[in-house]
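S.K.: structure for the following, please:
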Amino acid sequence: MVSRTHRSMCVLALCVIAGACNVNRALEQVHEARHLAADLQIQFAKAADASNLTVMANTDEASSAFAREAESRTANAQKDIESLRPVLEGLGFTDEAHLLAEFAARFEAYRKLDRDILALAVENTNSKAEQLSYGAALSAGDALGRALEGLEPSTDSTEGWHVKALSASVVASAREIEALQAPHIAAPDDGTMTILEKRMTAAEQSARAALKELSTRVRPASKPSLATATTALDRLMDANRQILQLSRRNTNIRSLALALTEKPAAVAAGEDRLHALQAALAKRGYGAQGRFPRTGSPSSIAP
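M.R.: Residues are numbered from 1 along each chain as shown. Okay, here's the model as predicted:
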């Protein structure tokens, strides 16, 4: 028969084995918690970086690609939060769980802000307005100038100087409209845009008035060139209307403003809680400090 002493030794051995298993399992969970916290910090940082690149991109393709990267990294960070929470709760790490909850709240605020930034940035309305300004608008202005070259006055040489002056006035008005497009695109507020648009309207009116007067001072042979000039001015103003519509959306300027003013504080707030979380987890291990607070947990696990 097995002696009482032998049975006691067997029970003691089983308890030691069970305790060792508990310690090993707990240490595995601590390691997992540290890994998830570290990955969470990486994903959060990469999401913020990709968002910044979205704002700085100058093409639809680039901004869309960076936006997708930012959204993917943000989704990964959210998965890390959801995976880390039960691990901390299972270990009984109430302080660390509280830090994670604080980060999660700040991360949600960051995500809301970042969604607004990305939605604006991918529209690229200011960049598209610039492309129109340096493309269709400039081309129309050049065509207008060419059409007005060599108009023949209807009478004597004195009238010729009048025709040249009117032609120069039309071109100058067109160039003024083109020159005002850049500050309109860069303007941060509607008030400034409105002032610039009034100047554009006045310049257009001046150009059309000069073209109308030219029609009474040139020979019939020059009428087709004058018609071409009028069509070119129409093209310029059509491009200008599109530019103003895009510029009014101001999505590049607005997304940049959010990225420079509100986003840094949101990122810093999240990083602060992540650093605190990682510091707290770093203290968990073997030693006399930082014991697991949960009842029945190995009391010797600490730094």
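S.K.: mind listing the helices for the stretch 201-303 of the chain?
M.R.: Remark: helices assigned in the stretch 201-303 of the chain by DSSP state H, counting those that start in this stretch are 223-249, 251-261, 263-282.
S.K.: in the shortest one, what counts as buried?
M.R.: Within helix 251-261, the residues that qualify as buried are 251, 252, 253, 254, 255, 256, 257, 258, 259, counting by 16 or more other C-beta atoms under 10 Å. Just so you know, the C-beta spots here come from the backbone N, C-alpha and C atoms, and that holds for glycine as well.
S.K.: can I get it in CSV? Just the C-alpha atoms.
M.R.: Only the C-alpha atoms of helix 251-261 are listed here, as CSV (Å, rounded to 0.1, in the frame of the first residue of the first chain):
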residue,chain,number,x,y,z
THR,A,251,-10.0,70.4,-49.6
ASN,A,252,-6.2,70.4,-49.8
ILE,A,253,-6.0,73.5,-47.7
ARG,A,254,-8.5,72.3,-45.2
SER,A,255,-7.0,68.9,-44.8
LEU,A,256,-3.5,70.4,-44.4
ALA,A,257,-4.9,72.8,-41.7
LEU,A,258,-6.4,69.9,-39.8
ALA,A,259,-3.2,67.9,-40.1
LEU,A,260,-1.0,70.8,-38.8
THR,A,261,-3.3,72.1,-36.1
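S.K.: any idea of the angle it forms with helix 263-282?
M.R.: Helix 251-261 runs at 40 degrees relative to helix 263-282, counting by axes from the mean of the first three to the mean of the last three C-alpha atoms, to 10 degrees.
S.K.: rewinding a little: can I get the helices of the stretch 201-303 of the chain in CSV with distance to residue 108 and mean pLDDT?
M.R.: Shown next, in CSV, are these (distance: least, C-beta to C-beta, whole Å; pLDDT from 0 to 100):
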stretch, distance to residue 108, mean pLDDT
helix 223-249, 27, 97
helix 251-261, 17, 96
helix 263-282, 10, 96
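S.K.: quick one: closest of those helices to residue 170.
M.R.: Closest approach to residue 170 among these (C-beta to C-beta): helix 223-249, 7.0 Å.
S.K.: which secondary structure elements does the closest one contact?
M.R.: Counting contacts by 3 or more C-beta pairs under 8 Å, 6 or more residues apart in numbering; DSSP states H and E, helix 223-249 is packed against helix 125-132, helix 138-147, helix 157-186, helix 190-214.
S.K.: run the chain-centre distance for it.
M.R.: Centroid separation for helix 223-249 versus its chain: 31 Å, with C-alpha atoms, centre = their mean, to the nearest Å.
S.K.: the nearest residue to residue 176 once chain neighbours are set aside - how many residues pack around it?
M.R.: In space, and not counting its chain neighbours, residue 176 is closest to residue 203: 4.5 Å by C-beta to C-beta, 6 or more residues apart in numbering. Residues within reach of residue 203, counting by other C-beta atoms under 10 Å, total 20.
S.K.: isn't residue 203 right up against residue 173?
M.R.: Yes: with contact defined as C-beta atoms under 8 Å, residue 203 reaches residue 173; the gap is 4.3 Å.
S.K.: so what's residue 36 closest to, chain neighbours aside?
M.R.: In space, and not counting its chain neighbours, residue 36 is closest to residue 84: 4.2 Å by C-beta to C-beta, 6+ apart.
S.K.: give me the mean pLDDT for the helix or strand hosting that neighbour.
M.R.: Per DSSP states H and E: residue 84 is located in helix 60-91. If you average the pLDDT over helix 60-91, you get 96.
S.K.: what residues of it count as buried?
M.R.: Buried residues in helix 60-91, counted by 16+ other C-beta under 10 Å: 63-67, 69-71, 73-74, 76-78, 80-81, 84, 87-88, 91.
S.K.: also stretch 125-134?
M.R.: In stretch 125-134, the ones that count as buried by 16+ other C-beta under 10 Å are 125, 126, 127, 128, 129, 130, 131, 132, 133.
S.K.: for residue 67, see how far away the second one is.
M.R.: When C-beta to C-beta, to the nearest Å is the yardstick, residue 126 and residue 67 sit 16 Å from each other.
S.K.: go on, the last one?
M.R.: Residue 133 sits 25 Å away from residue 67 when distances are taken as C-beta to C-beta.
S.K.: just the terminal-to-terminal distance for stretch 150-165.
M.R.: Terminal residues of stretch 150-165 lie 12 Å apart, using C-alpha to C-alpha, to the nearest Å.
S.K.: over to stretch 84-104?
M.R.: By C-alpha to C-alpha, the extent of stretch 84-104 from end to end equals 11 Å.
S.K.: quick check: domain ranges of this protein?
M.R.: The chain breaks down into these domains under automatic domain parsing: 4-123+253-282, 131-251.
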